[in-house]
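Student: could you look at this predicted model? Sequence included:
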Amino acid sequence: MTSTPPPGYQPAPYGFPQPPPHPEASSAMVFGIVGLCLSVMCGGIGVFIAPFGWIKGKRVMAEIDANPAAYGGRSNAQAGFITGIIGTVFGALMMLFWIAYVVFIIVMLFVVAEVEPTTTYDSVNAMLSSRI
């Protein structure tokens, strides 16, 4: 008895065949992750990229949910959607922080410029000589 199958024999696949991934699911995930990383590490720059992951991820998830037999890759689209939301929020908070920081510096420069010096060297010498 031989253990080789007859010619032309194809083993049956286990379970159901998976549909191909949606062509834009991976790009939604990339936009979301890059936007999140740039929002956290580069001072809020990702606020300009993360919304693309958010919007594209939401659209791709809706297309996959409308016809699940035609497209797969919902997890990649969902990752792009979630990281796009988080990246947008972090980016917006970081941009607000930097705007507040710049405004604070400008206000402090004007406050320091308006303060007149109240102590002169003559008054310091007068105080020191009165204590001796």
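Tutor: Looks like it came in fine. Numbering: from 1, shown residues only.
Student: pLDDT of stretch 66-78, averaged?
Tutor: Summarised as a single mean, pLDDT over stretch 66-78 is 92.
Student: buried residues, it. List them.
Tutor: Across stretch 66-78, burial judged by 16 or more other Cβ atoms under 10 Å covers 71-74, 76-78. Where C-beta positions appear, they are placed from N, C-alpha and C, glycine not excepted.
Student: stretch 32-51 too?
Tutor: Those would be 32-39, 44-47, 49-51, for stretch 32-51 by 16+ other Cβ under 10 Å.
Student: can I get that stretch as CSV, trimmed to CA atoms?
Tutor: Only the C-alpha atoms of stretch 32-51 are listed here, as CSV (Å, rounded to 0.1, in the frame of the first residue of the first chain):
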residue,chain,number,x,y,z
GLY,A,32,-4.0,56.1,10.9
ILE,A,33,-0.8,54.7,12.4
VAL,A,34,1.4,57.3,10.7
GLY,A,35,-0.9,60.1,11.8
LEU,A,36,-1.0,58.8,15.4
CYS,A,37,2.8,58.5,15.5
LEU,A,38,3.3,62.0,14.1
SER,A,39,0.8,63.4,16.5
VAL,A,40,2.5,62.0,19.5
MET,A,41,6.1,62.3,18.5
CYS,A,42,6.3,65.4,16.3
GLY,A,43,4.2,67.9,18.2
GLY,A,44,0.8,67.5,16.5
ILE,A,45,1.9,67.4,12.9
GLY,A,46,-0.2,64.2,12.5
VAL,A,47,-3.4,66.1,12.8
PHE,A,48,-3.1,66.7,9.1
ILE,A,49,-2.7,63.0,8.3
ALA,A,50,-4.7,61.1,10.9
PRO,A,51,-8.2,62.2,9.6
